[in-house]
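Q: sequence and predicted structure below; questions after.
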Amino acid sequence: MIYSRGSHTTGRFYEIETNTHYRAGRTRRNRRFEPGPGSARGSAYGSRSAGFAGLKEPAVLAGCKTPPPARGGGRGRAGAPARGPAAPAAARDSTSTAIPGVIAAGEQWKEVWEVDGNNADGMIGTRDGGLLLAQNDKSEVVKLDKHGKPSVAYTGTNTGGALSMSSKGVLFLNNRGLNPDVIELAPRRRTFANRYKGDPLDCLGGVLNDLSADSKGGVYFTTGKLYYADPKGVVTQYGGDNIRTNGIILSPDEKTLYVTNGASLTAFDVQPDGALTNQREFVKLPGGAGDGSTVDSTGRIYVSSNPGVQVISPDGKYLGLIPTPRDIISLAFSGPGKKTLYAVSRDGAQNKDWIISIATVAQGYKGRAK
């Protein structure tokens, strides 16, 4: 579990509590400081390279052939010094203005579900109009049906934090605890990728953040940097060290990969073997640094951020903002006809998550869960 004490936009202390089975089921809680990146989730999911003593990983890190990189500002955005606990964020006006083909004017977000703790992130839509959500604190995956009723779908993850399902129905999860890995949850449960150049993924120096599964059997994932685990689980880095990744999503045709990179969206061309080429800035995000992302049936990209959902056309034109009542961190289309956009809204001061939804003109891409 990773939760914050302090402001989302300032520095803060994090307490990390990992409920896993690798040490006789014991719970491990440690405390560390990270600078605030000015984003809804914060740098708890950015660089993990500072505060390793607090994470009690010395034995693992001592064995790294390649030591973790020097500490960055977490998710690529520099932060300010800690200023203490913040007051709960007040809900703001979030009435939509029209974005042609995307959303009509006058639409309002509705609260679907509320949960205490850091227990909703990295969500995807389901075929029956519901959602699957990763629960960091509980190390579970929750299913929300189309009426917002929750049920536990998977248990015993290692601080699982983000989900992705390929077009062939293979479900993957990023585990964020000690000895992190990308696992396959369905159709069979197994470790998919847990090493890079012979080192455990702890040695990457960043928490496994978001992921996007392709139809070839591979998975792209972010840690502040960008990696691809091929169908055999062999991990390769792309984008070098000059990128600070967060959210990630493949285009509907899987020819382009988009990653949020601070206040811009970066694009890569996807080669037949999954390799990435032609790194470029796709569009600037005037609404601020991006977090999670999703796509619709026409290939438009939707990026979560503090003020709301930033919408980009397939040719890189910024189309507008769908304002939200609070900061948001994750997005997915689902509901009847996949014409409802869902978001995870997070308030760290209250240590609470909400699932909110809004009706759209646009339709989510039906060829994948997200």
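A: Yes, it's here.

Q: tell me where the stretch 51-200 of the chain has helices.
A: For the stretch 51-200 of the chain, the helices defined by DSSP state H, counting those that start in this stretch occupy 52-55, 58-62.

Q: of the ones you listed, which shows the lowest average pLDDT?
A: Note on the helices of the stretch 51-200 of the chain: lowest mean pLDDT is at helix 52-55, with a mean of 41.

Q: give the contact list for the spatially most central residue of the chain.
A: When C-alpha atoms, centre = their mean is applied to the chain, the residue found nearest the centroid is Asp210 (3.9 Å). Applying C-beta atoms under 8 Å, 6 or more residues apart in numbering to Asp210 gives the contacts 122, 162, 174, 221-222, 246-248, 292. Glycine gets a C-beta too; all of them are placed from N, C-alpha and C.

Q: from Tyr227, how far out is it?
A: According to C-beta to C-beta, to the nearest Å, Asp210 and Tyr227 sit 11 Å apart.

Q: run through the stretch 151-300 of the chain and note the low-pLDDT ranges.
A: Within the stretch 151-300 of the chain, no stretch falls below the threshold (pLDDT under 70).

Q: tell me how many other residues crowd Pro58.
A: Residue neighbour count, defined by other C-beta atoms under 10 Å, stands at 10 for Pro58.

Q: just to revisit the earlier point, need the phi and psi values for the residue nearest to the centre of the chain.
A: phi -120, psi 170 (degrees, to the nearest 10).

Q: how far away is it from Ala98?
A: Asp210 is 29 Å from Ala98, by C-beta to C-beta.

Q: now do Leu144
A: Between Leu144 and Ala98 the computed distance is 28 Å (C-beta to C-beta).

Q: likewise Pro307?
A: 17 Å.

Q: try Pro68
A: For Pro68, the distance to Ala98 equals 47 Å [C-beta to C-beta].

Q: dump the contacts of Asp210 to CSV, plus distance to Leu285 and neighbour count.
A: CSV is the format used below for these (distance: C-beta to C-beta, whole Å; neighbours: other C-beta atoms under 10 Å):
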residue, distance to Leu285, neighbour count
Gly122, 20, 28
Ala162, 20, 29
Asn174, 23, 31
Phe221, 21, 25
Thr222, 16, 29
Asn246, 11, 30
Gly247, 11, 30
Ile248, 15, 24
Gly292, 13, 30
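
Q: closest one to Leu341 out of those residues, please.
A: Leu341 has its nearest neighbour among those in Gly292, at 12.0 Å by C-beta to C-beta.

Q: please list all residues in contact with that closest one.
A: Gly292 is in contact with 122, 210, 246-247, 260, 303-304, 328-331, 344, counting by C-beta under 8 Å, 6+ apart.

Q: and for Leu163?
A: Going by C-beta under 8 Å, 6+ apart, Leu163 touches 122-124, 132-134, 141, 171-173, 211.

Q: then Val112?
A: With C-beta under 8 Å, 6+ apart, Val112 has these contacts: 144, 148, 342, 354-357.

Q: let's go with 10 Å and repeat that
A: 131, 144, 146-149, 335, 340, 342-343, 354-357 (C-beta atoms under 10 Å, 6 or more residues apart in numbering).

Q: equivalent analysis for Ile322, please.
A: Residues near Ile322 by C-beta under 10 Å, 6+ apart: 94, 96-97, 99, 102-103, 107, 109, 287, 302, 307-311, 328, 341, 343, 358, 360.

Q: bridging residues for it?
A: Under the criterion DSSP bridges, Ile322 forms beta bridges with Val309.

Q: measure it to Gly156 for me?
A: Ile322 sits 36 Å away from Gly156, going by C-beta to C-beta.

Q: please apply the same query to Thr236.
A: Distance of Thr236 to Gly156, computed by C-beta to C-beta: 29 Å.

Q: with neighbour numbers in mind, choose between these two.
A: Thr236 (15 against 12).

Q: residues contacting the spatially closest residue to the more buried one that is not a sequence neighbour?
A: Counting by C-beta to C-beta, 6 or more residues apart in numbering, Thr236 lies nearest to Tyr228, which is 5.3 Å off, once chain neighbours are set aside. For Tyr228, the contact set (C-beta under 10 Å, 6+ apart) comprises 193, 212, 214, 218-221, 234-238, 257, 268, 270, 273-276.
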